[in-house]
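Undergrad: The sequence and its predicted three-dimensional model are supplied below.
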Amino acid sequence: MKENEKGRRDFMGMALGACAAVGGVGALYAAKRTWDPLPSVKAAGFTTIDLSMAQENVLNVEKWRGKPIFILKKSADMKADDRDIVIGTDRYHVSIGLCTHLGCIPAYEKDQHKFKCACHGGEFDASGHQIFGPPPSPLEIPPFKIEGTKLVLGETGPEYQKMLDAGLTV
Ligand code: FES
């Protein structure tokens, strides 16, 4: 390959990379605007999230170890499930927000109480169970510990251990 041809290719590669990066940031920004993070503190692999401000049927997305974490406070008309995290009288669905088919981030359809994955049409109910399409398993529940109204992601508390032992986390 001639030197100037190689230079041009390198430049094209860099330009395409820059476009992809800008597009990625734009997509993240758009996603961030639709997500609704709760007050949280991050330290050494743990993320502590205060759930006292959570609103029913509003998806909150936190980040834990580079992964999106879905936190959904259930409303009274949403079915209770063994995978729910119960704090006081409130029930929460908490999961790693990556589709168990090929890892896309599903969107929450609040009117239908469902997560829908745009990549191949997979669907999960509000407890994270796969209900349609190619996902082979439910949305995964990350290790957690409950401290009052706070959820500590990355620590294994007795509630998580119980779910793990019962095979409910995946
Ligand atoms: S990655 Fe979600 S359905 Fe394929």
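TA: It's in. Numbers count the residues shown, from 1 in each chain.
Undergrad: Strands of the protein, start to end?
TA: 40-43, 46-50, 59-64, 67-73, 85-87, 90-96, 107-109, 114-116, 123-125, 130-132, 144-147, 150-153 (DSSP state E).
Undergrad: and the second one, C-alpha only, in CSV?
TA: Coordinates of the C-alpha atoms in strand 46-50 are reproduced here as CSV (Å, rounded to 0.1, in the frame of the first residue of the first chain):
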residue,chain,number,x,y,z
PHE,A,46,-20.3,-0.8,46.0
THR,A,47,-23.1,1.6,45.1
THR,A,48,-25.4,2.7,47.8
ILE,A,49,-28.8,4.0,46.6
ASP,A,50,-31.4,5.7,48.7
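Undergrad: which other helices and strands contact that strand?
TA: Helices and strands touching strand 46-50, as assessed by 3 or more CB pairs under 8 Å, 6 or more residues apart in numbering; DSSP states H and E, comprise strand 40-43, strand 59-64, strand 150-153. Yep, even glycine has a C-beta here, placed from its N, CA and C like the rest.
Undergrad: Give me the nearest residue to the residue most central in space within the chain, chain neighbours excluded.
TA: Taking CA atoms, centre = their mean, the centroid of the chain lies closest to Gly97, which sits 2.3 Å from it. In this structure, Gly97 finds its nearest non-sequential neighbour in Pro68, 3.8 Å apart by CB to CB, 6 or more residues apart in numbering.
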